[in-house]
Each structure stands twice: as C-alpha cells, then as structure tokens.
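Trainee: Pasting a predicted model and its sequence here:
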Number of protein chains: 2
Amino acid sequence: MKSGLVTIKDIARELKISASTVSRALKNHPDISEETKEAVNDLAKKLNYQPNAVALSLKQSRSSTIGVIIPEIVHYFFSSVISGIEDVAYDAGFNVIICQSNERYDREVTITRTLLANRVDGILVSISKETKDFSHFNIFRNHNIPMVFYDRVVPGMQVDQVIIDDLDAAYRATKHMIEEGYRYIYHFAGPQNLLIGQQRKEGFLKAMNEAGLEINDRQIIEIDNFEKARNAVIEILESKLPFDGIFAVNDMTAIGAMQTLLKKGIKIPKDAAVVGFSDGRFSSITDPTLSSVDQHGYEMGTLATEMLLKRILSKKDYPSLTNVLNANLIVRGSSRK
Amino acid sequence: MKSGLVTIKDIARELKISASTVSRALKNHPDISEETKEAVNDLAKKLNYQPNAVALSLKQSRSSTIGVIIPEIVHYFFSSVISGIEDVAYDAGFNVIICQSNERYDREVTITRTLLANRVDGILVSISKETKDFSHFNIFRNHNIPMVFYDRVVPGMQVDQVIIDDLDAAYRATKHMIEEGYRYIYHFAGPQNLLIGQQRKEGFLKAMNEAGLEINDRQIIEIDNFEKARNAVIEILESKLPFDGIFAVNDMTAIGAMQTLLKKGIKIPKDAAVVGFSDGRFSSITDPTLSSVDQHGYEMGTLATEMLLKRILSKKDYPSLTNVLNANLIVRGSSRK
DNA sequence: ATGAAAGCGCTAACAG
DNA sequence: CTGTTAGCGCTTTCAT
C-alpha cells in the first residue's frame, strides 16, 4: 500500500513546474526566483510535504544516520551514554539507530549486518561480554565506514576509541581503601576478555602491591553481578580468612556484596569497606551510600559521537585516536571509616 | 564518497547476466536455474554482498522499521519496554529506531517528523510529561501509518493502546496500606495531564474513600521525583498533622521520601509506610526494601509491538483496541508492619 | 530461464 | 531562471 505522503512530484504537477525546480526551491537555491520559491514553499506547507529521507539516502549514498551498538540499555551508565550520543547527533542533523546486543555475540553480529544494510554513515560500538572474535567489524574497516569504540573497546585494534582510565580509577579506588586503613581487600572482577575487566584488576593489583599488601589468589574473584556477589561473600566469610573490604567491578555487584555483609552482621564501613564502579543511580540510595567511580557516561557519549562525526565529515584520513576520560572516585559512606 | 559496497549490478556484470536475474536468484525464485542460483550465491558470498535496505525501502515504500518514541531511557521501566519491543520486532524481521523525547514536547514533535521522513512503517509512543497537544500525531492517522500508544496514552484518542490498570493497581496498593493499619496516607502524585497520573490518584482516592478515611487537600501533592520528595516530606513532618504513610507515583519519589523519613527518625514500616510504583531495580536494594507495583515493562513492550505489527501487516482496517495489563503489587519491607 | 525497461523520490550535471 | 535527463540499488511486470 502506498503511503500516500506528498512527494516533490505532486507539488510540481500542481504548480505546473518541474520536479527539479521544486527541489531547488525547497532548498532555497539562489537560481530560483522569489515567486517560485514562495509558491513552492506555500504549497509544500499546505500539503504538509515531508521530504523522503529514504530517497535522499539512496541518492546521496549517505543516510545521515549513525548506528549504536550497546550491550544493555538497562544500565544507568549505558543509558547516559545514549543521551550524550543523541544530543550531539541530533544537533548535527544525524539520526541514531540504537541496537542492544544484550551481551550476546550472535546478536552483535546480526546487528552489524542490519546497520550495514541500512547504510549507516558510521557506528559507535561497545562490545558484548561474550565477544572474543572481532571479524564482523572488518567490513566497516574495509569500506571505510567510520567506527568509534567506547568503553568496551577491542585491545590492539587500530580504531578511534574513547575510554575512561579504568586502570587509574581502579588504582585510586583501591588506594583510597588502603588509606582508610583496610588491608584485606578482595576484588570482584569483570570478565577478563574485556579490556575494562583487565584494567580494573590491574589497577587493584597496582595499589595493593604498591602498599606492600600481599594477595592470595582467592582474593580476586571473577564475578560481576548482584546475585553472584551474595554467594561469593558468604564463601569469603565462611573461609574465615582475614577480610575487610571489597572493590567491585560495578555497582550492582558492590551492592549485592554490601547487602550480604550487612545481613551477616558485618558493619560497614566499620568492619569492612565496599567500593563500586560506575556511579549509577543506586549509589546514593543504599545505606550506607556506596562509594563508586564516576564513569561519566554522558560525556563519553558526546565525545564518542563528536569523534565519529569528525571522521564521517572529514575528507581525508588520519591516524586513529584514543581519548581517555579521567574518572573520579566519589567517596561515600561505604568506605569512610 | 561511494561506500564501495557490492551491489547486485556488480554481481551481474561479473557473471555476465542481468541484474534482474541476480535479484531473483538471491531470493530463490523458482524460475531461475539451479546453476545460476548457485553461481550467484557463491559470488555474493565471496564478495560479501550486503543488500541495500535503503533501496529496498524506497522501492517497496516499506522500510520494515518501526519508530519508538520514549520519554527517557534511563528509567528501568522504559528500558525494559525497549527490550520487549526489540525482541518482538527483530523476530519479525523489523528494525527499531528508538528516540528519546527527554520529556520535552518540542523534541517529541521533531522526532515525529524524523520518523515520518524515514518512512517508518509504524510507531510506538509514550508521550512526554509536557505534551498537551497531540496534533503532531494526526499525520500518521491521516496516512494510515499505524500507531500504538503504550503506558502514557492520550485520553480519548481512537488508537491502539496498551496500558496497565493504573487505577486498580493504585487502589490495591493503597488498600494494602490501609489493611496494614495505616490511616493518614499521603499521595505523591504525577502530572495530572498524563492519564497515568490521574488514574493513580483516582485509585488512591477510591481506596481511601472505601475505607471511610477522610482526605484533606494537603494530602495529595503533585510531586514525582527524588529531590522534590525530600522537601515535601519535611513539610509534612513540620505541619505536625497526622501522618503515617506515602503512596508515591513512582519508585524514585518513594525512595526520596523514605530516605528523608528515616533521616528524621521515623521508623519504617513501624511508624509509617512507603509504597512506590514501577518496581525498578531499586526497590530491592533499599533498606527497608520498597513495596511497589510491578509495571511489567517487558510484557508491555512485547504486547505493544505485537499489536503494531498486526496493524502493519494487516490488509484490512479494524477498530482500535485497548489492552490492559494487570499490574501486581509486590509487598516488601516498607509497608509490612 | 533470462533480459529489458520502468519506477520508488530525489538531486545534480547539463542544456537552454 | 527553469527543464531534461540520468541515476542511486533494487524489484517487477512484460517480453522473448
């Protein structure tokens, strides 16, 4: 069924002029006489003419659309990133197609195809937890379709990226705990195939080593969600090994840990500290409030989009760039003795 | 710059056959000989051919894309809705364009244009808090582009919609509080231009009236966020009027209220109850945990999308439908004496 | 079993 | 100042 929306031809026919004249009049082309312009614009308004972006995309081989691959929108961090992306993109006259991988590799690959089929002008991507092979991005590279990776980037890939200084942030968070007097700190780590997982762990280790605190291998546990954190905490407590702190790879994990500790009678921050990562909406509503690293989602979104648009609009090639945002630690009740 | 992606023509040229044959071979048309099909498919794979969805959309006057207008992704409820939408849409071979209005009327109008320009096959919309005029949706109606409204619907508009039974849910939540023995319950209400705001207030009133509890006009306060809730609570306490409960229009408001009450030495649930609405991720991490109405975001998303796809794919017209989801109250620590 | 041609809506080079 | 023409990539009659 035809949509029935008004086209340039309809206007042309009605005014008994050519389609190209209408097209030019609509774009305020200098060649067109004032009266024609006026007639065209009036009629266009009257008929509620809406340009067909699809036709334009086909014609120009540019869609003025950017694709966004995002693991899961439900996280405060990622939804802030989206807000940043949209603000910059809309201001520049670009549309945004947002696709969730739901942390699944196969979905990520499919999305990649869809975005390509829709001829997006560029993509912003944060890879899923499952992704270990990156060849689905080759086609973008091969066809010079710009990509910018944000937050969850690919180690060693020559491509624009914007990240926060995860290592440093984790280092500072851990150091802060040590300075507050905690000694037997555990790290609930993220998946180690993600660079952010590695980096946060590195930062933790660096601070511990620097302070001369020994670490046994039970002190680093690969765990990154609310439910698992509960069990992990119970195991730690049952082990009877010395323990007085947890630095978790994200806030939900930290909160799961904190809840279980409190339930088991551990006082926070008196007996043990908990520090999270991301600074979502949760951190200020827990009791005690949760210390966390502010990941600056909105800024990451704006920055990544600016980088992408620059790439899209630039004629010439230039070397790939990495932009590192500083993350700051927000100290709250859960780690201040 | 040309994208350089392989087209049907490239394949045709290489194989010295016509573009139409390639097109047919790719779609496994019965007229085409097996060998041709094989040759085409092999070459397509080899050249990594990706069909151009833009051209297809133009040709078919169908984009296989649905537009989603959503107030703010950061809310757990809305991001769950999106997940539901995506799951159903993808399974049906549809793409999804998600646009945030950020609760602003002007943005909503702009989005409407963008979606139209991109010739989406239908839209799913939840209106912004600011929206009081709905004429920007007329063009969809006039051109038979299907719409389904979800959650924040337009009163009196003849259009498909999916909502939860807000009135009943609010009624049950309030009734529960009354049954637990609370008497002087305040309602922190949402904007009254949104139907959901009205309905939740109605439900509250119904339960109060039914129980024969009198209400003065200070007991209903139009307030729907974390920060404002804090001040409102202070005012209530300072008024020295009898008070022992708050039913809030959403969880963040409830949590803001609860925090302030606790800070002021009010014991929850002993001295006062707090009940929220939406059942976001927060409700189980507060102390005490927050009783709340489960709004079933995911189901709302799937249902709305199914309704929309049915409309899009159906040849004939049929009367508009309203689908009402039951919401259930989840009783937690904040309201159980 | 395959090809030629037209057209979706729009723009831009070229012509006048 | 305006019109003609061709073409973006694809599908689909209508021929052959």
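Mentor: Perfect, I can see it now.
Trainee: tell me the average confidence for stretch A:101-119?
Mentor: Throughout stretch A:101-119, pLDDT has a mean value of 94.
Trainee: in that stretch, what counts as buried?
Mentor: Residues A:101-102, A:104-105, A:107-109, A:111-112, A:114-119 are the ones in stretch A:101-119 that count as buried (16 or more other C-beta atoms under 10 Å in any protein chain shown). No exception for glycine: its C-beta is placed from N, CA and C like everyone else's.
Trainee: what residues does it touch?
Mentor: A:57, A:61-63, A:65, A:67, A:69-72, A:97, A:99-100, A:123, A:127-133, A:136-137, A:139-140, A:145, B:3, B:5, B:50-54, B:83, B:90, B:95 (C-beta atoms under 8 Å, 6 or more residues apart in numbering or on different chains).
Trainee: make it 7 Å
Mentor: The contact list for stretch A:101-119 (C-beta atoms under 7 Å, 6 or more residues apart in numbering or on different chains) reads A:57, A:63, A:65, A:67, A:69, A:71-72, A:97, A:99, A:123, A:127-131, A:136, A:139, B:3, B:50-54, B:95.
Trainee: Could I have the buried ones of these as ChimeraX selection syntax?
Mentor: The ChimeraX command for the buried members of those (criterion: 16+ other C-beta under 10 Å) is given here:
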select /A:57,63,65,67,69,71,72,97,99,123,127,128,129,130,131,136 /B:3,50,51,52,53,54,95
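Trainee: Filter the contacts of stretch A:101-119 down to the ones in strands?
Mentor: A:T65, A:G67, A:I69, A:I97, A:C99, A:I123, B:N95 (DSSP state E).
Trainee: Surely the third one is in contact with A:S128?
Mentor: This points to A:I69. No - taking C-beta atoms under 7 Å as the definition, A:I69 is not a contact partner of A:S128, at 8.4 Å.
Trainee: still on that earlier bit, the ones in strands among the contacts of stretch A:101-119: which ones sit near DNA strand D?
Mentor: Checked against DNA strand D using C-beta under 7 Å from any atom of the strand, those yield no neighbours at all.
Trainee: if we can go back for a sec, looking at the contacts of stretch A:101-119, which are in helices?
Mentor: A:S57, A:I139, B:A53, B:V54 (DSSP state H).
Trainee: With B:K46 as the reference, measure out to the closest residue in space to the first one that isn't next to it in sequence.
Mentor: This points to A:S57. Nearest-residue entry for A:S57: A:S63, 4.1 Å, with adjacent residues in sequence omitted and distances by C-beta to C-beta, 6 or more residues apart in numbering or on different chains. Relative to B:K46, A:S63 is positioned 26 Å away (C-beta to C-beta, to the nearest Å).
Trainee: which regions of the stretch 201-337 of chain A sit below the pLDDT cut-off?
Mentor: Within the stretch 201-337 of chain A, no stretch has pLDDT under 70.
Trainee: Please, where are all the helices along it?
Mentor: For the stretch 201-337 of chain A, the helices defined by DSSP state H, counting those that start in this stretch occupy A:226-239, A:251-263, A:297-313.
Trainee: tally of neighbours for the residue of the stretch 51-200 of chain A at minimum distance from DNA strand D?
Mentor: Across the stretch 51-200 of chain A, no residue is closer to DNA strand D than A:K59, which sits at 3.5 Å (C-beta to the nearest atom of the strand). Burial of A:K59 is recorded as 11 neighbouring residues (other C-beta atoms under 10 Å in any protein chain shown).
Trainee: and which of the buried residues of stretch A:101-119 is nearest to A:N216?
Mentor: Nearest to A:N216, judged by C-beta to C-beta, of the buried residues of stretch A:101-119 is A:Y105 at 33.2 Å.
Trainee: Check the gap between the closest one and B:T302 for me.
Mentor: For A:Y105, the distance to B:T302 equals 23 Å [C-beta to C-beta].
Trainee: among the helices of the stretch 201-337 of chain A, which is the most enclosed?
Mentor: Highest mean neighbour count among the helices of the stretch 201-337 of chain A (mean count of other C-beta atoms under 10 Å in any protein chain shown): helix A:251-263, with a mean of 24.
Trainee: and it, what does it pack onto?
Mentor: helix A:226-239, strand A:245-248, strand A:273-278 (3 or more C-beta pairs under 7 Å, 6 or more residues apart in numbering or on different chains; DSSP states H and E).
Trainee: show me what contacts the residue nearest to A:S57?
Mentor: Counting by C-beta under 7 Å, 6+ apart, A:S63 touches A:S57, A:N118, A:R119, A:V120, A:D121, B:V54.
Trainee: before we move on, what about A:Q219?
Mentor: By C-beta under 7 Å, 6+ apart, the neighbours of A:Q219 are A:Y186, A:H187.
Trainee: Run through the residues of chain A sitting next to DNA strand C.
Mentor: Near DNA strand C, when you scan chain A using C-beta under 7 Å from any atom of the strand, you find A:2-3, A:5, A:7-9, A:19-20, A:23-24, A:26-27, A:51-52, A:55-56, A:58-60.
Trainee: Pull out the buried members of those residues.
Mentor: Buried among the residues of chain A next to DNA strand C (16+ other C-beta under 10 Å): A:S3, A:L5, A:T7, A:I8, A:S23, A:R24, A:L26, A:P51, A:N52, A:A55, A:L56, A:L58.
Trainee: Just put the residues you listed in JSON lines and tack on pLDDT and distance to A:G181.
Mentor: Shown next, in JSON lines, are these (pLDDT from 0 to 100; distance: C-beta to C-beta, whole Å):
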{"residue": "A:S3", "pLDDT": "52", "distance to A:G181": "68"}
{"residue": "A:L5", "pLDDT": "90", "distance to A:G181": "68"}
{"residue": "A:T7", "pLDDT": "94", "distance to A:G181": "73"}
{"residue": "A:I8", "pLDDT": "94", "distance to A:G181": "73"}
{"residue": "A:S23", "pLDDT": "94", "distance to A:G181": "72"}
{"residue": "A:R24", "pLDDT": "94", "distance to A:G181": "74"}
{"residue": "A:L26", "pLDDT": "94", "distance to A:G181": "70"}
{"residue": "A:P51", "pLDDT": "94", "distance to A:G181": "65"}
{"residue": "A:N52", "pLDDT": "95", "distance to A:G181": "66"}
{"residue": "A:A55", "pLDDT": "95", "distance to A:G181": "67"}
{"residue": "A:L56", "pLDDT": "95", "distance to A:G181": "63"}
{"residue": "A:L58", "pLDDT": "94", "distance to A:G181": "65"}
